[in-house]
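In: quick one, structure for this:
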Amino acid sequence: MAAADRVFAGSIPELYERYLVPLIFEPYALDLAQRLEKAGAGRVLEIAAGTGVVTRALAARLGPSARITATDLNEPMLNHARTRLSQDTRVSWQQADAQALPFEDRSFDVVVCQFGAMFFPDKVRAFKEARRVLKPDGRYYCSVWDKISENEFADVVTETVAGMFPDDPPRFLARTPHGHYDVDRLRAELVEADFTDISAEGVDARSKAPSPREPAIAYVEGTPLRNEVEARDPARLAEATSRATDALARRFGSGAVDGRIRAYVLTAQ
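Out: Got it, this is the predicted structure:
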């Protein structure tokens with residue numbers, strides 16, 4: 001993984017929250033919150049909380065006795081998340097590395113990680129840390145994106161921006177968010193981390209926006225794809241967004257757009 005793949009700074013957190021969260025993350029955040037509500041989660045650790053979409057969904061679904069500790073490696077993303085739930089005393093925020101969690105053994109009933117595992121340099125190490133802080137009967141919930149061809153807006157944007165730099169195409173979306181969909185490998189890594197009772201479920205959803213420009217901004221300017229474009233030619237970021245908008249309009253229409261998204265939710269004891 002390129003080092004820039006983990007850089008969510010500058011205007012990225014704000015654009016990520018404004019455009020990308022409603023576009024692709026909210027449906028899966030609600031799905032995870034429903035799963036944890038059914039499981040009767042008490043003390044919850046969230047890893048890779050980002051701008052807090054899962055945190056907010058959990059806070060809305062879990063009862064008054066629940067306690068949520070939301071963590072992220074990236075302080076700018078976490079700072080943005082704090083502003084949205086600053087009055088909820090059930091939620092605490094802490095910068096933390098998933099591979100070296102600053103919590104005691106057997107501290108949490110549930111550990112949840114939505115679309116964060118793809119950023120872990122060593123997944124087995126991160127999974128072992130999740131297991132360490134879980135109580136003996138605790139559960140781990142982890143979601144990952146399916147391959148990029150099953151996520152239509154991301155696929156169109158990736159191919160469009162790649163065409164701008166044919167000698168060195170930016171591939172962040174295919175390489176990182178959509179590059180870790182091998183469920184068998186993830187299952188093996190969870191087993192290596194001493195998890196059991198592992199299941200994986202494909203979850204389909206729809207990605208909707210009022211116009212093609214919103215997903216173009218979301219992916220080009222609200223993710224580290226922006227870092228890749230600017231590293232090649234900082235003067236071409238607006239062009240990349242414009243080209244992505246045009247490509248999405250050709251594929252999905254110039255009005256409201258609707259595309260397929262697909263992810264896997266893994267659970268482990």
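
In: where in the protein is pLDDT low?
Out: The chain contains residues with pLDDT under 70 at 1-11.

In: what's the single longest helix in it?
Out: The longest helix of the chain (DSSP state H) is helix 237-252.

In: so which bits of it are buried?
Out: 237, 240-241, 243-245, 247-249, 252 (16 or more other C-beta atoms under 10 Å). (Each C-beta comes from the backbone N, C-alpha and C, glycine too.)

In: for stretch 130-148, same thing?
Out: Using 16+ other C-beta under 10 Å as the burial criterion, the residues of stretch 130-148 that qualify are 130-134, 138-146, 148.

In: and stretch 172-186, by the same measure?
Out: 172-181, 183, 186.

In: sort out which one of the residues you listed lies nearest residue 154 for me.
Out: residue 173 (4.9 Å; C-beta to C-beta).

In: quick check: the closest one is in a helix.
Out: Yes: secondary structure of residue 173 (DSSP: H, G, I helix; E, B strand; the rest coil): part of a helix.

In: is it in contact with residue 218, as I believe?
Out: No: using C-beta atoms under 8 Å, residue 173 is not in contact with residue 218; the gap is 10.9 Å.

In: which elements pack onto the helix or strand where residue 140 lies?
Out: Using DSSP states H and E, residue 140 maps to strand 134-145. Where contact means 3 or more C-beta pairs under 8 Å, 6 or more residues apart in numbering; DSSP states H and E, strand 134-145 is packed against helix 26-39, strand 108-114, helix 123-133, helix 183-192, strand 257-268.

In: surely residue 47 meets residue 111?
Out: Yes: with contact defined as C-beta under 8 Å, residue 47 counts as touching residue 111 (6.5 Å).

In: between those two, which contacts overlap?
Out: The contact sets of residue 47 and residue 111 overlap at residue 130 (C-beta atoms under 8 Å, 6 or more residues apart in numbering).

In: which SS class is the residue of the chain most remote from its centre?
Out: Most distant from the centre of the chain: residue 167, at 28.8 Å, with distances by C-alpha atoms, centre = their mean. Secondary structure state of residue 167, per three-state DSSP, is coil.

In: just want the angle from the helix or strand harbouring residue 57 to helix 26-39.
Out: Residue 57 belongs to helix 53-61 when assigned by DSSP H and E. For helix 53-61 against helix 26-39, the angle by axes from the mean of the first three to the mean of the last three C-alpha atoms, to 10 degrees is 40 degrees.

In: in helix 53-61, what counts as buried?
Out: 53-59, 61.

In: between those, which is closest to residue 96?
Out: Nearest to residue 96 among the buried residues of helix 53-61: residue 55, at 13.7 Å, using C-beta to C-beta.

In: my guess is that closest one meets residue 83, correct?
Out: No: using C-beta under 8 Å, residue 55 is not in contact with residue 83; the gap is 11.8 Å.

In: list residues touching both of those two?
Out: Counting by C-beta under 8 Å, 6+ apart, nothing touches both residue 55 and residue 83.

In: so what secondary structure elements neighbour the longest helix of the chain?
Out: helix 152-162, helix 213-221, helix 225-232, strand 257-268.

In: and of the ones you listed, who's closest to residue 29?
Out: Among those, strand 257-268 comes nearest to residue 29, with 11.2 Å by C-beta to C-beta.

In: and the closest one, what does it pack against?
Out: helix 26-39, strand 134-145, helix 152-162, helix 183-192, strand 199-209, helix 237-252.
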